[in-house]
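J.: Need coordinates for the following:
(one chain, ligands or ions: 1)
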Amino acid sequence: MDKNSCGCLEGGYAACLCGVTKSVRGRPILKGVTLAVGFGEIHVLAGLNGAGKTTSLRVLMGLLSRDSGEARVLGVDPWSRGFEPVKREVGYLPEDASVYERLTGMENILFYARLYSGWRGVEELVENAVLYSGLSREDLSRRAGGYSKGMKRRLLLGITLMSKPRLVVLDEPTSGVDPIASNRIKKILKGLSREGRAILVTTHDLSFAEEIADRVTIIHGGLTVASGHPHRLMEEYCGETLEEAFVNVVTGDGC
Ligand SMILES: Nc1ncnc2c1ncn2[C@@H]1O[C@H](COP(=O)(O)OP(=O)(O)OP(=O)(O)O)[C@@H](O)[C@H]1O
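T.: Purely as a prediction, here's the structure:
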């Protein structure tokens with residue numbers, strides 16, 4: 001990675017990690033993760049299982065400390081006190097998020113909408129969550145505990161996006177989601193990015209990434225090893241698809 005990638009610390013970017021390292025119980029997990037997400041950009045973070053994607057997002061969201069390197073979210077260090085007010089402008093969908101199973105889908109939405117706004121503006125938040133989840137009114141009237149994995153994921157995505165945050169951070173939003181819903185998610189993310197919102201998303205679905213990403217950052221073994229527009233990565237790493245380029249990057253096969 002060239003050093004300029006860390007220029008995001010000077011501002012203008014929605015989020016960045018710069019040379020971040022993290023060890024857990026003496027084991028290095030992140031060995032130098034660098035990425036910068038611009039406003040109006042869909043940025044995909046890709047990597048094999050265990051590469052460090054979720055850990056990177058947790059550091060970025062201030063849920064995990066870092067050992068070295070820098071992090072900024074909307075210009076603020078997520079490990080600082082100043083991060084608290086910034087959180088309202090960030091929508092984060094963790095990989096292991098869960099719904100309240102005894103509540104209906106709509107009650108889940110109402111719960112989070114009221115948490116977010118008190119009572120003012122709840123209607124708009126609810127409307128957005130319903131729209132972004134793509135779930136029918138009938139589905140939303142049922143207990144979320146009876147939902148399929150993909151439906152739970154869609155409900156959580158709707159809740160994450162309901163306030164139309166300036167920065168959206170999604171850890172595997174399409175996991176367990178059917179092709180029609182996945183297609184719908186693509187359109188939603190493209191729409192949000194067109195409105196100038198910044199989107200950082202992890203996925204193993206590289207055709208999804210190839211279609212929507214403005215930039216893909218590949219991490220391997222806790223280290224950023226490549227970053228660029230999907231077509232640039234395909235050119236540089238001799239892949240007819242992003243998936244082929246990705247395999248060439250992580251296996252070190254090159255062209
Ligand atoms: N709390 C923890 N304690 C010990 N090891 C951890 C912890 N959190 C993560 N790890 C390890 O760090 C590495 C990176 O995990 P991480 O979940 O960030 O990978 P990932 O790229 O998101 O993987 P996946 O694609 O499978 O979700 C893994 O080897 C994992 O076992």
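J.: does Leu200 count as helix, strand or coil?
T.: Secondary structure for Leu200, judged by DSSP: H, G, I helix; E, B strand; the rest coil, is strand.
J.: Please, which helix or strand holds the nearest residue to Ser68 once chain neighbours are set aside?
T.: Spatial nearest neighbour of Ser68, excluding adjacent residues (CB to CB, 6 or more residues apart in numbering): Thr21 at 4.8 Å. Where you see a C-beta, it was placed from the backbone N, CA and C, and this is true even at glycine. According to DSSP states H and E, Thr21 maps onto strand 13-24.
J.: Give me the sheet partners of that strand and which way each runs.
T.: Strand 13-24 has the following strand partners under DSSP bridges: strand 27-38 (antiparallel), strand 68-73 (antiparallel).
J.: Show me the contact partners of it.
T.: Strand 13-24 is contacted from outside by 5-6, 8-9, 28-39, 41, 55-56, 59-60, 64-74, 166-167, 169, 198, 200, 222, using CB atoms under 8 Å, 6 or more residues apart in numbering.
J.: Which among those residues count as buried?
T.: Those of those that meet the buried threshold are 5-6, 8, 29-39, 41, 55-56, 59-60, 64, 66, 69, 71-74, 166-167, 169, 198, 200, 222, by 16 or more other CB atoms under 10 Å.
J.: Contacting the ligand as well, which ones from those?
T.: Ile29, Thr55 (CB under 6 Å from any ligand atom).
J.: Residue ranges in the chain under the pLDDT threshold?
T.: Judged against pLDDT under 70, the low-scoring parts of the chain cover residues 1-5, 119.
J.: Flag every residue of it that's near the ligand.
T.: Going by CB under 6 Å from any ligand atom, the residues of the chain near the ligand are Val24, Ile29, Gly47, Asn49, Gly50, Ala51, Gly52, Lys53, Thr54, Thr55.
J.: And the contacts of stretch 174-183?
T.: Counting by CB under 8 Å, 6+ apart, Glu95, Gly134, Ser148, Lys149, Gly150, Arg153, Arg154, Ile185, Thr203, Asp205, Phe208 sit against stretch 174-183.
J.: for the stretch 101-250 of the chain, what spans make up the strands?
T.: Ranges of strands in the stretch 101-250 of the chain, per DSSP state E, counting those that start in this stretch, are 167-171, 198-202, 215-220, 223-228.
J.: Mind putting those strands into a markdown table with distance to Val90?
T.: Output for those, formatted as a markdown table (distance: least, CB to CB, whole Å):
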| stretch | distance to Val90 |
| --- | --- |
| strand 167-171 | 5 |
| strand 198-202 | 10 |
| strand 215-220 | 19 |
| strand 223-228 | 22 |
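J.: re the thing from before, compare the contacts of stretch 174-183 and tell me which has the most neighbours.
T.: Arg154 (27 neighbours; other CB atoms under 10 Å).
J.: roughly how far apart are Lys186 and Val177?
T.: 11 Å (CB to CB, to the nearest Å).
J.: between those two, which one's more packed in?
T.: Between Lys186 and Val177, counting by other CB under 10 Å, Val177 is the more crowded of the two (24 against 15).
J.: Can you read off the backbone torsions of that one?
T.: phi -100, psi 140 (degrees, to the nearest 10).
J.: now Arg142
T.: Torsion angles, degrees, to the nearest 10, at Arg142: phi -100, psi 160.
J.: For it, which non-adjacent residue is spatially closest?
T.: Leaving aside its sequence neighbours, Arg142 sits nearest to Thr104 (CB to CB, 6+ apart; 6.0 Å).
J.: distance of that neighbour from Leu131?
T.: 17 Å.
J.: same check, this time on Thr241
T.: From Thr241 to Leu131 the distance is 31 Å (CB to CB).
J.: Over to Lys87?
T.: 23 Å.
J.: For Lys87, give me its contacts.
T.: Here Lys87 is in contact with no residue (CB under 8 Å, 6+ apart).
J.: Does it belong to a helix, a strand or coil?
T.: Per three-state DSSP, Lys87 ends up helix.
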